[in-house]
Structure formats: C-alpha cells, structure tokens
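In: return atomic coordinates for the entry below.
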Amino acid sequence: MKKFLFLAAVLAASNFYAQDLPTNPEPGKCYVRCTTPDVYVNETVTVTIKPAYKVLKTRPATFKTVTERVEVKAESKKLTVIPAKWGTEAVSYVSKEGGNSLRITPASFGKSSETIEVKPAYAQWELGAAAPDCTSGNPDDCRYWCYKGYPAEFTTIQTTTLNSDASVSKTPLKSSNASYVKRVLLSPAKVKEEIIPAEYKEIKKTVLDKDAYTVEETIPAVTKTYTKEVLKEKGGLTTWKEVECALVEYQALPINWNLNSATLTSTAKNIIDTRLLPVLAKNPGVKVELASHTDVRGTAASNKDLSERRAKAVAAYLITKGINPSLLVANGYGETKTKNRCKEGVSCTEREHAVNRRTEFRLINN
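Out: Numbers count the residues shown, from 1 in each chain. Alright, predicted model coming up:
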C-alpha cells in the first residue's frame, strides 16, 4: 500500500516536476530524481606556515702567548789592514841587440840563340797553264790542277841566359847585455775580516690564534598539509532512477552512540560499511539523507546540536570512503521526531527512550 501511495504522490507532485517525470513508469515501482553531481577529487596542498631562515651566531676571537727571539744588535764586521811586503831582484836585459851585416852579389848572365818557326809548312791546289792542244773554246777546260807543298819558315833570335842570380851574404854583429835591480811585491796588502756576531733577546707577545667568526644555522621551514576538494567533472544533468521503494523511507542505522558523544566507534563504522555503503554503491548518483534523533531528555538546543554532530560524523566518514559530498544531506532533528509516547514530561522506561535515540537514512530527490 505504501508503494502505491508513494508513486501516487510522485505522479501528483505538482506541475513543478511535471516536465521531468520518468517516462514509461511501471506501477508499484519507486523512482528518485537524480541530478548528476559535480565530481570532486581531493588534493593535498602543502602550505609554508613559516619560511626557512638563517640564524647567525658569533664566536669571539681567540689569542695565544708566544715567545719570540728578536735581534737587538745586528751582526757586524771588524776590519784590520795588513800592509804589503816588498823585496829586491836583479834583472838582466840586452842593452844592445845583435844584428847582421849584409853583402850583395849581383846576378851574372851569358849569351845564346833560339830558332823559332815563323810560318808552318803547308800545301795547296794550284791551277796550271792551259794545254797547247786544247780544243775547247773555254781555255779553263784545258788547264790542270796541282796539289803543291811549301816548307816551313824559321828565324834565329839572340838571347841572354842567367848564369847566377843575385844573392846576399850575412855577417853576424854581437849583442851587449846589462842588468838592473827592481823592487818586487812579496805579499800584497790585505784586509783581515772578523765577524762580530749579532745579539738576541727573547720577548713574549700575544698573537691572534683564530679571528672572530660567525656560525650559520638554517632553521627549516614549517609547513602544514591541507586537503582540498578540486572540481574534476561538472555535473548538472537530471535523470530518474528506479530504486527499491523501501529505501525512499527512513531505514535504521543501528549505531549505539556513547553518551553525549558524536564520535564513531569502530563498531559504528562497521555498521556503516555493511548497511549503508552497499546501498550507495548500488545507486550511484542518488542523494541520501542522514537523519539523527535524540530522546527528550536534556534541553532541546543541546539535543538539536548533538543530533546534528552525529549526522555530520556519519557524512564525514562516508566522504573518507569516496562518497561525493554533494550527494550527502546531514540533518539533526534533536527531540522533534519521537516515535513513541515519550514526549516532554512523560515518564518512560530506558527501553522506550532508546527507541527515539536513533540514526536513519533514506534516498531523496536530487
């Protein structure tokens, strides 16, 4: 009966949705209006809270005392002059040098003669006289040639011959010797050098061992990592999806919350994993309402706040499981929707109050 009532309500849901109703609906089935959601992904952003910087620390200069040997009087010299020593020596020399007396014998000559050829012997062809019985009109035709020889010609010349050439004969002249006395240097003058050593003294002084310096220390940057949602795919398309009719009504999510706590226990997370996540996986893109309620004990404001925190805790856990946040509606109703007689001022048992302390979910139109 409830299925038919819900379908009738959908079909009669005013003209606002008339143009978007599902086509060819089947009696007895339930539909929810889905708008494809924006698809977000989580990105990790590291923010520098405080940049890295340097700290400089000074270190003072250090000194040390040293002993040093210093010169108080320079090295010097003492010079002593030693005079030269002299002696005498006889020296012989040639007072008159010897020479030669020369006598010249002139050259002598004799007479002779020499015959020389002034014209060599020769032979030549000569034309003879014409023959007396020549019959030719040309007289040269009747002449004869003779090869005639002539003897050489000579002449005699008177000459002079050298009997002996000119010559010189030497007669030696004696030399004369003498001597003289001279002073000779036996030992030259010299300077005797004596070294006078330098004088020293030990002093103490303070010297720089290591100058003042700075030590640099780098303080690392302080960063903090944040997770932000980034739009990956834009949604906005409207579709109708067939769902189980029971899921459009509130379904119990039997979480036993600790007193005044909105923290999910491991048992509560297991309930969400086994009861709610399979429903969302089977109906992708369908929006779900997470509703949390309290009993009437406590103030209305505190109950409202507690129920909202519990609904948001379930939503936050679903987001960690990859559910798109735009498909989650977390509502806290406080004590406004009790399921039994346990109203404000009514005495009820703990079991009766427990009925009202509940968390539920249902599929809703997007």
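In: so after the helix or strand hosting D209, what's the next helix or strand?
Out: Using DSSP states H and E, D209 sits within strand 199-210. Sequence order places strand 213-219 as the next helix or strand after strand 199-210, per DSSP H and E.
In: need the residues that contact that following strand.
Out: 52-59 (Cβ atoms under 8 Å, 6 or more residues apart in numbering). (Glycine included, C-beta is placed from N, CA and C.)
In: which strands or helices does the strand holding D209 pack on?
Out: For strand 199-210, the elements it packs on are strand 62-73, judged by 3 or more Cβ pairs under 8 Å, 6 or more residues apart in numbering; DSSP states H and E.
In: pLDDT of the strand it packs on, averaged?
Out: The predicted model gives strand 62-73 an average pLDDT of 89.
In: now the element after that strand, going C-ward?
Out: On the C-terminal side of strand 62-73, the closest following helix or strand by DSSP H and E is strand 76-82.
In: ok, that following strand: who's next to it in the sheet?
Out: strand 190-196 (antiparallel) (DSSP bridges).
In: mind checking how far the partner strand is from the chain centre?
Out: 68 Å (Cα atoms, centre = their mean, to the nearest Å).
In: which residues touch it?
Out: Here strand 190-196 makes contact (Cβ under 8 Å, 6+ apart) with 75-82.
In: now with 6 Å?
Out: The contact list for strand 190-196 (Cβ atoms under 6 Å, 6 or more residues apart in numbering) reads 76-82.
In: now, of the residues you listed, which are buried?
Out: Among these, none is buried by neighbour count (16 or more other Cβ atoms under 10 Å).
In: between these, which is closest to V181?
Out: I82 (26.0 Å; Cβ to Cβ).
In: skipping its backbone neighbours, what lies nearest the closest one in space?
Out: Excluding the flanking residues, the one nearest I82 by Cβ to Cβ, 6 or more residues apart in numbering is K190, at 5.1 Å.
In: give me the number of residues near that neighbour?
Out: K190 has 11 neighbours, counted by other Cβ atoms under 10 Å.
In: then P25?
Out: If you count neighbours by other Cβ under 10 Å, P25 ends up with 15.
In: repeat that for G334.
Out: 21.
In: for L277, give its distance to N270.
Out: Using Cβ to Cβ, to the nearest Å, one obtains 11 Å as the distance from L277 to N270.
In: tell me which of the two has more neighbours.
Out: Neighbour tally, L277 and N270, criterion other Cβ under 10 Å: the higher count belongs to L277, 15 against 11.
In: measure the closest residue to the more buried one other than its chain neighbours to D273 for me?
Out: Using Cβ to Cβ, 6+ apart and skipping residues adjacent in sequence, the residue nearest L277 is K321, 6.3 Å away. According to Cβ to Cβ, K321 and D273 sit 8 Å apart.
In: where exactly do the strands run in the stretch 151-300 of the chain?
Out: 153-164, 167-173, 176-187, 190-196, 199-210, 213-219, 222-233, 238-243, 251-252, 287-293 (DSSP state E, counting those that start in this stretch).
In: in the fifth one, which residues are buried?
Out: In this case it means strand 199-210. Buried-residue list, strand 199-210, by 16+ other Cβ under 10 Å: empty.
In: list the residues that contact the nearest residue to R357 once chain neighbours are set aside.
Out: Sequence neighbours aside, D295 is the residue nearest to R357 in space, at 5.3 Å (criterion: Cβ to Cβ, 6+ apart). Residues in contact with D295 (Cβ under 6 Å, 6+ apart) are 353, 356-357.
In: quick check, nearest of those residues to A178?
Out: For the contacts of D295, the closest approach to A178 (Cβ to Cβ) belongs to R357, at 164.4 Å.
In: ok, how many other residues are close to that closest one?
Out: By the criterion of other Cβ under 10 Å, R357 has 20 neighbours.
In: any idea how far it is from K339?
Out: Taking Cβ to Cβ as the measure, R357 falls 10 Å from K339.
In: try A315
Out: 23 Å.
In: show me what the spatially most central residue of the chain is bridged to.
Out: The chain has T218 as the residue nearest its centroid, 24.1 Å off, counting by Cα atoms, centre = their mean. On the basis of DSSP bridges, T218 is bridged to K54.
In: try T206
Out: T65.
In: following the longest helix along the chain, which helix or strand comes up?
Out: Criterion DSSP state H: the longest helix present in the chain is helix 300-320. Remark: after helix 300-320, the chain's next helix or strand is strand 328-334, criterion DSSP H and E.
In: tilt between that next one and strand 287-293?
Out: 20 degrees (axes from the mean of the first three to the mean of the last three Cα atoms, to 10 degrees).
In: show me what stretch 298-310 is in contact with.
Out: Counting by Cβ under 6 Å, 6+ apart, residues outside stretch 298-310 touching it are 262, 292-294, 332-335.
In: ok, N138 - contacts?
Out: The contact partners of N138, by Cβ under 6 Å, 6+ apart, come to none.
In: how far off strand 153-164 does the host helix or strand of E117 point, in degrees?
Out: Using DSSP H and E, the element containing E117 is strand 108-119. With the same axes, to 10 degrees defining the directions, strand 108-119 sits at 160 degrees from strand 153-164.
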